[in-house]
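K.L.:
Pasting a predicted model and its sequence here:
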Amino acid sequence: MFTQVAAPEAAVGEPRKAHRRPPLAPYLYLLPAVALIGLWIYRPMVEGFGLSFYDWNLLPTSPKEWVGLENYADVVTNPEMIAAMRNTLVYIAAGFVAAVILPTIAVLLSRKVGTRSKSVYQGLIFVSFLIPPIAAGAVWRWMFAEDSGLLWTAANNAGLDLGNIFRDPSTAIWAIIAIMVWQMLGFGVLVVAAGVAGINPDYADAAATDGAGSWRTTMRITVPLLSPTLLFLGLMAILLSAQWSFPLIDLLTQGGPINSTTNIYYLLYQLGFQSFDAGLAAAAGVVFFLLFGLVAVGFVLLSEKLNFHDN
Amino acid sequence: MAEIAISGVTKKFGETVALDSATLTVNDGDFLALLGPSGCGKSTLLRILSGLLEPTAGTIAIDGEDITDVSAKERDIALVFQSYALYPHLSVRANLEFPLKSRKVAKTERTARVEEVARILEIEHLLERKPKQLSGGQRQRVAVGRALVREPKAFLMDEPLSNLDAKLRVQTRHELTTLHRRLAATIVYVTHDQVEAMTMATRIAVMNDGRIEQIGTPEDVYDRPASVFVAQFIGSPPMNLVPATVESREGQIVLHGEGVGGSLFVGDVPEFAAYVGVRPEHLRVTARFAATGLSLTGTVEMVENLGNELHVTCRVGTERVAVRASREDGVALGSPITLTADVEHVHLFAADSGRRLEWIEEPSTDVVDSVPAAVAV
């Protein structure tokens, strides 16, 4: 006869109650940072939002006067504000060129250069980023100085009269942009170079054995794979170029001549801390915060879409 | 398909010689495995074949045409990467189309070829997916597909199975073998896995330290390893090697050493030092020495039961010797053991050069005192 081989004996385990409490420690570790951010970033933001409905001259002794949405109406009709916004767009466009387009071209062109000379080249470009904007502005002002500056003399010898470049409404903004581009280029090159270094070289090799030339490989493989980096830089350029230009404007033109170089941050500063119109400055701040916030959200959504890194 | 002739190809990186005068012909329709440990130069040779790396010296020809100076882009050779290198931002279809678009193939033909390859590899349902939505095995198929779709003269594959799990690897091995037969393609396949090389290749080039140690069919390489390195690289467990002295005694070539004895051929040679090689499956557990062939005596150090057989590790002199024994052999841990092997299963290697020694019957018996009749291969 047959006997069936029995399975090993199995005991039924007692059901267990969940005893472990969710741990508290991680939240405690987070607490100091969160508290400080709340205190120094979010609290002033909320207070600034509240301030935007009042008319107030920042003096603790003078009363705040409720004006409703009047400040906001001022923001969108004030001709100074409109000039500042137009200039801001110009600065952003210039920042985009300086931090994204030029660095990408520079890095892609320098790919074939030997490793050591490439480091030297990228190091040299990056140095300009390390110079404080105030120092850079001061040096460039000398170089642009009428009758004696290095660049002025060079342009003059080439038959180009720069005049007093920071006093001419049609040229002042371009002089500031030139300094800004010079400074931001290094930052862009550093980030793009890191992005390119992070791309697995197998992709370019695969494209080469697939019969693609270097132009096709660059446009169809390298640049798309670089797009998360470019997107990050683009966001940085948009958010930071208006701020980056601030010290240069303050040092070189104070927003003039005839508001031709001012941007929204500089105007905000002037409204709030030179004209002491706290309400109007706060209202403008809220408007710009929302606009830049929208841009940032758009970029974040886009970057999620462009995120290919799988292995 | 095509024949690839590699002649004296050397690659130096600074002072380091990665590849030393590799010479080898890949015949039309060959599935040639470049087999060796990491750092042996096999991937360097593959990259040189693909055109991604320039050799320091030597030439490469396809069907008699010198292509040494032809760029990777212009060579009609497809390469499958170990990482697969599927373009992560492109769909499977766009990945497959990429080499065709690069070569400006017309749209209708492009679509037809992609569909055809997808059908062969059974990836039709994946065409619209991105690489990150694929499993490892599916990615591997797409990588092979991207090579197939071009209909190149030859395929180069750089360890394409190393990222797959064991089960999938066996399955893919079968598929690649079938694909090779079906296309009659010339394939150069880099691997460090001797099982892949043995099972798929029609010929194997075993590489070590930048040099090609042996080129031959899987049977050649397994049955007649040309050097100590090849003997120990191929086979699992690898061939046993024990040092011994070879000399003539009473008209017989005999072996002796610590725990080693044996009588091999009729003949006469001056005494010399050698390594005696024997594969674990050719050793028999016996009670007494054999009259001819190899005999080893030692102690049993370890017994591993695999179910169908035992892997026994013995200590013979100072060496460890692996034996594939049957459970009926009654091997006991710690007890003395006697092992024998037939003459045809005994391999001899020169102790100094590590090269294989082949026995050649002397043309006439009256030649005495001549050079050793054993010649290094």
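P.N.:
All right, it came through fine.

K.L.:
C-alpha only now, for contacts and for neighbours.
P.N.:
Will do.

K.L.:
so where's the chain uncertain?
P.N.:
Using chain A here. For chain A, the stretches flagged by pLDDT under 70 are A:307-311.

K.L.:
oops, I was thinking of chain B
P.N.:
Ranges of chain B meeting pLDDT under 70: B:1, B:362-377.

K.L.:
do that again at 50, thanks
P.N.:
Scanning chain B for pLDDT under 50 picks out B:367-372.

K.L.:
Beyond the top helix by length along it, next helix or strand please.
P.N.:
Longest helix in chain B by number of residues (criterion: DSSP state H): helix B:166-183. For helix B:166-183, the succeeding helix or strand toward the C-terminus, using DSSP states H and E, is strand B:187-191.

K.L.:
partner strands of that next one, parallel or antiparallel?
P.N.:
Partner strands and pairing direction for strand B:187-191 (DSSP bridges) are strand B:31-35 (parallel), strand B:154-158 (parallel).

K.L.:
Residues contacting it, please?
P.N.:
The set of residues external to strand B:187-191 that reach it, using Cα atoms under 8 Å, 6 or more residues apart in numbering or on different chains, is B:26, B:29-36, B:42-43, B:46, B:154-159, B:180, B:197.

K.L.:
picking that back up, please identify the most buried of the strands paired with strand B:187-191.
P.N.:
Burial of the strands paired with strand B:187-191 is given as mean neighbour count (mean count of other Cα atoms under 10 Å in any protein chain shown); strand B:31-35 ranks first at a mean of 28.

K.L.:
Contact partners for residue 222?
P.N.:
No chain specified, so I'll use chain A. A:Val196, A:Ile199, A:Ala204.

K.L.:
not what I meant, chain B
P.N.:
B:Ala231, B:Ile234, B:Gly235.

K.L.:
just to revisit the earlier point, show me the contact partners of the longest helix of chain B.
P.N.:
So helix B:166-183 is contacted by B:Phe31, B:Gly137, B:Leu161, B:Ser162, B:Thr186, B:Ile187, B:Glu196, B:Thr199, B:Met200 (Cα under 8 Å, 6+ apart).

K.L.:
Can you verify B:Lys132 is assigned to a strand?
P.N.:
No. Counting by DSSP: H, G, I helix; E, B strand; the rest coil, B:Lys132 falls outside a strand, being helix.

K.L.:
Which elements pack onto the longest strand along chain B?
P.N.:
Across chain B, the strand with the greatest residue count (assigned by DSSP state E) is strand B:293-305. Where contact means 3 or more Cα pairs under 8 Å, 6 or more residues apart in numbering or on different chains; DSSP states H and E, strand B:293-305 is packed against strand B:260-266, strand B:310-316, strand B:336-341.

K.L.:
what's in contact with that strand?
P.N.:
Outside strand B:293-305, the residues that reach it (Cα under 8 Å, 6+ apart) are B:255, B:259-264, B:289, B:310-317, B:331-343, B:346.

K.L.:
Drop anything exposed from the residues you listed.
P.N.:
The neighbour count (16 or more other Cα atoms under 10 Å in any protein chain shown) marks B:255, B:259-264, B:289, B:310-317, B:331, B:337-342, B:346 as buried among the contacts of strand B:293-305.

K.L.:
ok so, going back, biggest separation within the contacts of helix B:166-183, which pair?
P.N.:
Spatial extent of those (Cα to Cα) is set by the pair B:Gly137 and B:Thr186 at 22.8 Å.

K.L.:
Which strand or helix spans whichever residue of the stretch 51-200 of chain B sits closest to chain A?
P.N.:
Distance from chain A to each residue of the stretch 51-200 of chain B (Cα to the nearest Cα) is smallest for B:Lys73, at 4.1 Å. Assigned by DSSP H and E, B:Lys73 falls within no helix or strand.

K.L.:
what's the spacing between stretch B:170-179 and its chain's center?
P.N.:
Offset of stretch B:170-179 from its chain centre (Cα atoms, centre = their mean, to the nearest Å): 17 Å.

K.L.:
thinking again about what came up before, who wins for proximity to chain A among the helices and strands packed on strand B:293-305?
P.N.:
strand B:310-316 (26.3 Å).

K.L.:
Could you tell me the end-to-end distance of stretch B:349-358?
P.N.:
Taking Cα to Cα, to the nearest Å, stretch B:349-358 runs 9 Å from one end to the other.

K.L.:
So the closest residue to A:Ala172 other than its chain neighbours versus chain B, what's the distance?
P.N.:
Leaving out its chain neighbours, the residue that sits closest to A:Ala172 by Cα to Cα, 6 or more residues apart in numbering or on different chains is A:Phe166, at 4.4 Å. Note on A:Phe166: its distance to chain B, by Cα to the nearest Cα, to the nearest Å, is 47 Å.
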